[in-house]
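A.B. asks: curious how this folds, go ahead:
(chains A, B, C and D)
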Amino acid sequence: MRTDITKINERSPYTDLTEGLQLYAGGTSRLFKTGEWRTNTPVLDQDKCRQCLLCAPVCPDSCIPVQGGKRLDFDYDHCKGCGICVKACPFGAITMKEGIEA
Amino acid sequence: MSKKKENVMKSKSIPERMSGNEAVSYAIRQVNPDVMPAFPITPSTEIPQMVSTFIANGEIDTEFIPVESEHSAMSAAIGAEAAGARTMTATSSAGLALMWEELLLAASNRLPIALTLVNRTLSGPININCDHSDGMGARDTGWIQIYAENNQEAYDNYIQAFPIAEDPRVHLPIMICQDGFITSHAVENIELLEDEPVKAFVGEYEPEEFLLNPGKPVAVGPYSVSAYAMEAKKAQEAAMERAGEVILEVAERFAQMSGRSYGFFEEYRTEDAEYLMVIMGSAAGTAKAAVDILREEGHKVGVLKLRVFRPFPEKEIAEAIKRSGCKAVAIMDRCESYNGCSGPLGSEIPAGLYRNKVMVDTVNYIYGLAGRDFTVDHVREIFAELKEVAQGEKEAPNHKYIGLRE
Amino acid sequence: MKNTVEIRWHGRGGQGAKTAALLLADVAFKTGCCVQGFPEYGPERMGAPITAFNRISEDKIRVHSNIYDPDYVVVVDETLLHSVHVTDGLKEDGAIIVNTAKSAEEIRPLLRGYEGRVLTVDARHISEKTLGKNFPNTPMLAATAAVTGIMSRENFLKEMEASFAHKFAKKPEVIKGNMAALEMAYDKAEIEMAREAGSSEKKSGASSKEMKRSA
Amino acid sequence: MKANDYSLKTMMEKPERLAPGHRMCAGCGATIGVRAVLRALHEGDQAVIGNATGCLEVSSYMYPYSAWQDSYIHNAFENAGATLSGVETAYKALKKRGKLADKDNFKFITFGGDGGTYDIGFQSLSGAMERGHDMVYVCYDNGAYMNTGIQRSSATPMFADTTTTPAGKVSNGKIQYRKDLSAIIAEHYVPYVAQTTLTRDFKDLHRKAETAIYTEGAAFLNMMTPCPRGWRYDMSEIMEICRLAVETCYWPLFEVVEGKWILNYEPKNKLPIEDFLKPQGRFKHLFKPGNEELIELFQKEVDKRWEDLQYRCARG
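C.D. replies: Coordinates of the predicted model:
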């Protein structure tokens, strides 16, 4: 009886909620898109990026996925646009763009 | 898993004599819970001491946590229970008061922790003796509460605690209460049960979901927006309602094992009684002894001894009072509510009578606060006054104090 | 033995009056009685006057209150006689047992006009003689068993020896002394009862009034 | 782990244990720190994460959304230490009774803000540390009760403008200096205590988190994580703020291993405290003309504590 949170919403009757509001699952917050909070958007310039990865650990929202030693593009579903990564990049490969679109 | 249908291993009775604290500790030894965090406070201190001695002598292998306060005792109990361990603790008075916030969390997180409460008055003034203000102060925290008349009932109730609390229909914490010093420190006769049947009766604790379930993460204790919080509270309340039937099922199985039967309350010589006394805890014994004497003198009196206070068996109490056909009921509170009109039972029982359309005179008495002794003579006086009230010779006093200097 | 016997113990914190009450309950239980043994609890410490109680009965005991009209009162420390009203509510057909080297007649004036039986046992002397130390509660326990007649001398000694054997499993050498203490005290109590039985007829209102005056 | 074994690349390859989608503020320092701590868990090791009430808790597990990949328990504000000590003891009990297989290893890490750690949860923390449970207590210290709206805590630096120590006509903000919790926990003589913060390559934080997690017994990590809202700096500047805290010796990096004090970093040239205070709005009033001596006072306190620390570390 693991929890499928897609079946739990603000219209669920009390009998359908999990006991003690416990959650029998992990990482379900992925389904909540904090990207909607963004007003400015970081953009990666692939040519300037040297894959030093100094940007990856400074993201408060785990929005810079790393695979095979290389960072991938931003997770715009969750990026809140704080701009910390911009300052962390020694090569000016990340710039903030006004608005919610990359 | 409800063990309702299983056949129960019968147990021989072992006649012994011991104090209420010894009796509960003996039951804890038989159950051998996984974890016990506790902090000493009179008069429950002996329980963690005795359990520690069992552990020190290798009689049980419970993990004892010598926490630095009762607040941490209940906090650690919540952590241990959520992690999948059968967990219990013991406390009294200010210790329970310090746990207060955590009591609500144990219940709302639906954790079947067992707490053995040795009832002692709450300060102030500071006093170590018995009344029910500690247990009554926690009556709306979502815990099941069962009260005992003597060491025997404290022992029997404790053995039934885990099967009640851990039942999937319930999953609520449970408080097993007995009167401080009066039963906790008094040596009396008792019929103990054999270890094996008790272990079989209580069974292994096998939660379905818990923090330490490998590969199956669980999250406990969320922030909840209003859209979910009210539903969660209703679900918790529904579990408390279901606890009633489970308490009776477990009592039935317990009777099969021990030959001793329990219900929500005991009706003592209530059939044909003209006057009833509703009372809880050790003083119920004194009331029964008085009833025997008064019956011999030709007075038709009886006692309704409340055992299960949460869930509150409102309907059943009203029906029992109706059944007796009595003229008036003395409702005895070993606790003051400071509401200017009644103690806790003095509020809840008349409300139940009214809701169930049982119209009978009631008088609420406050007795035994902070260890004030309650005697056979007091019971005699109360029944005499009850009779005057019922016969219209006297107006019902407003939650009158017994044994008070005026 | 009558159906229910109620006993009140007076001692000082640390003297073992509570232990004696619990031991009496213990030995009575072993001889098949229903028992209660409980102290009156407060924050008192070493040396403060304390009270303990016993109910011993053939039937189930339900009452959970203190004892106000005891059949017997046991005073483990005679210095309490000056400060505590030990005979309050004590039944005239009962008895008071006092740990003292004095005689009953010397003690009676301190009992605020109590006219029932007064029995004295020099528990200190007995204890020091048999145990080399002053453990008054052991002899007082035996005296109480004798006076209340809860059980026969044989049963009492048999059960006590058994519980000593258990209690002193690690130092059996002390069992002998304890048993001797019990026997001496038990016998002294029986002598006292015989004396009281003899003197009771002679007792006159006048003499007792006189005693009241001198009290 | 030897410091030179550390590679940011391999660390960032690890599966993320704090999922996105939590409701922490944009630019929050706490989650940056939490991610780094969780990266120190060896793959294959499971964890139970505890959490005191605070920003992190209300934002990371809002029913039914949990950002935690591992088992997680929030109980209340003041009892994260006691709660996790119960979980850790349950682990011992279940292992002992064969209800958990030998291969099923769990580690126990609890997070609390400075409110839940320095103040209301102090007794519970002290008790858990003294009892020596095999757990790590991580304080994410952002120097005020941020969750309730920037009220002062005993971790708030002197002169900080908070909502309960506002700078005003006759007030210069908080009067007292800050409580040195790292030292206080070190005086519990637990096997491992460390003070750290966010640094460029996160090597310091990573090594200390790993040592804390894999040292048997109770360990304490005091991790400074700036709060852009409470400290009032440009939220993108967090890494610079942390660097200045270290270079001015306001927040020295040190550890106490089995009672031995070790200084992990000594600035080549110690920067004046102004450099740390200047970019933060909460210290704006200190830079009004006439308030120079307040900054001198602050500098004196920093110097005194820095010397004390150097002495402790020299003594070993």
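A.B. asks: what residues of stretch D:7-23 count as buried?
C.D. replies: Using 16 or more other CB atoms under 10 Å in any protein chain shown as the test for burial, stretch D:7-23 gives D:Leu8, D:Met11, D:Met12, D:Glu13, D:Glu16, D:Arg17, D:Leu18, D:Ala19, D:Pro20, D:Gly21, D:His22, D:Arg23. Yep, even glycine has a C-beta here, placed from its N, CA and C like the rest.
A.B. asks: contacting chain A as well, which ones from those residues?
C.D. replies: D:Leu8, D:Met11, D:Met12, D:Glu13, D:Glu16, D:Leu18, D:Ala19, D:Pro20, D:Gly21, D:His22, D:Arg23 (CB under 8 Å from any CB of the partner chain).
A.B. asks: out of the residues you listed, which is nearest to D:Glu240?
C.D. replies: Taking CB to CB as the measure, D:Glu240 sits nearest to D:Leu8 out of those, at 18.8 Å.
A.B. asks: isn't the closest one up against D:Leu205?
C.D. replies: No - judged on CB atoms under 8 Å, D:Leu8 makes no contact with D:Leu205 at a distance of 11.8 Å.
A.B. asks: and chain A, which residues reach chain B?
C.D. replies: A:1-2, A:10, A:12-15, A:17, A:19-26.
A.B. asks: that older thread, which neighbours do D:Leu8 and D:Leu205 have in common?
C.D. replies: Common contact partners of D:Leu8 and D:Leu205 (CB atoms under 8 Å, 6 or more residues apart in numbering or on different chains): none.
A.B. asks: which ones among the buried residues of stretch D:7-23 map onto helices?
C.D. replies: Those of the buried residues of stretch D:7-23 mapping onto helices are D:Leu8, D:Met11, D:Met12, D:Glu13, per DSSP state H.
A.B. asks: what's near enough to touch the residue nearest to C:Glu183 when sequence neighbours are not counted?
C.D. replies: Using CB to CB, 6 or more residues apart in numbering or on different chains and skipping residues adjacent in sequence, the residue nearest C:Glu183 is C:Leu157, 6.8 Å away. Residues near C:Leu157 by CB under 8 Å, 6+ apart: C:Met179, C:Leu182, C:Glu183, C:Tyr186.
A.B. asks: which helix or strand contains C:Leu157?
C.D. replies: C:Leu157 belongs to helix C:153-167 when assigned by DSSP states H and E.
A.B. asks: which helices and strands does the helix or strand following that helix pack with?
C.D. replies: Next along the chain after helix C:153-167, taking DSSP H and E as the criterion, comes helix C:173-202. Applying 3 or more CB pairs under 8 Å, 6 or more residues apart in numbering or on different chains; DSSP states H and E, we find helix C:173-202 packed against helix C:104-107, strand C:117-121, helix C:123-131, helix C:137-148, helix C:153-167.
A.B. asks: ranking those by burial, who's on top?
C.D. replies: Of all the helices and strands packed on helix C:173-202, helix C:137-148 carries the top mean neighbour count, a mean of 27, counting by mean count of other CB atoms under 10 Å in any protein chain shown.
A.B. asks: wait, which of the helices and strands packed on helix C:173-202 is closest to B:Gln256?
C.D. replies: Using CB to CB, these put helix C:153-167 closest to B:Gln256, at 34.1 Å.
A.B. asks: got the angle between the closest one and helix C:173-202?
C.D. replies: With axes from the mean of the first three to the mean of the last three CA atoms, to 10 degrees applied, the angle from helix C:153-167 to helix C:173-202 works out at 150 degrees.
A.B. asks: C-alpha coordinates for helix C:153-167, PDB please?
C.D. replies: Extracted in PDB, the C-alpha atoms of helix C:153-167 (Å, rounded to 0.1, in the frame of the first residue of the first chain):
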ATOM      1  CA  ARG C 153       3.500 -19.500  65.700                       C
ATOM      2  CA  GLU C 154       4.600 -22.500  63.600                       C
ATOM      3  CA  ASN C 155       3.300 -21.100  60.300                       C
ATOM      4  CA  PHE C 156       4.700 -17.700  61.000                       C
ATOM      5  CA  LEU C 157       8.200 -18.900  61.800                       C
ATOM      6  CA  LYS C 158       8.100 -21.300  58.900                       C
ATOM      7  CA  GLU C 159       7.100 -18.600  56.300                       C
ATOM      8  CA  MET C 160       9.600 -16.100  57.800                       C
ATOM      9  CA  GLU C 161      12.400 -18.600  57.600                       C
ATOM     10  CA  ALA C 162      11.500 -19.200  54.000                       C
ATOM     11  CA  SER C 163      11.500 -15.500  53.100                       C
ATOM     12  CA  PHE C 164      14.800 -14.900  55.000                       C
ATOM     13  CA  ALA C 165      16.300 -17.800  53.100                       C
ATOM     14  CA  HIS C 166      15.300 -16.000  50.000                       C
ATOM     15  CA  LYS C 167      16.200 -12.500  51.200                       C
END
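A.B. asks: which residue sits closest to the residue of the stretch 151-300 of chain D found nearest chain B, ignoring its sequence neighbours?
C.D. replies: Residue of the stretch 151-300 of chain D nearest chain B, by CB to the nearest CB: D:His188 (12.2 Å). Spatially, and ignoring its direct neighbours in sequence, D:His188 is nearest to D:Met129 (4.6 Å; CB to CB, 6+ apart).
A.B. asks: list the contacts of residue 73.
C.D. replies: Going with chain A. A:Leu44.
A.B. asks: that was the other one, I meant chain C.
C.D. replies: C:Ile7, C:Arg8, C:Trp9, C:His10, C:Val86, C:Thr87, C:Leu90, C:Gly94, C:Ala95, C:Ile96, C:Ile97.
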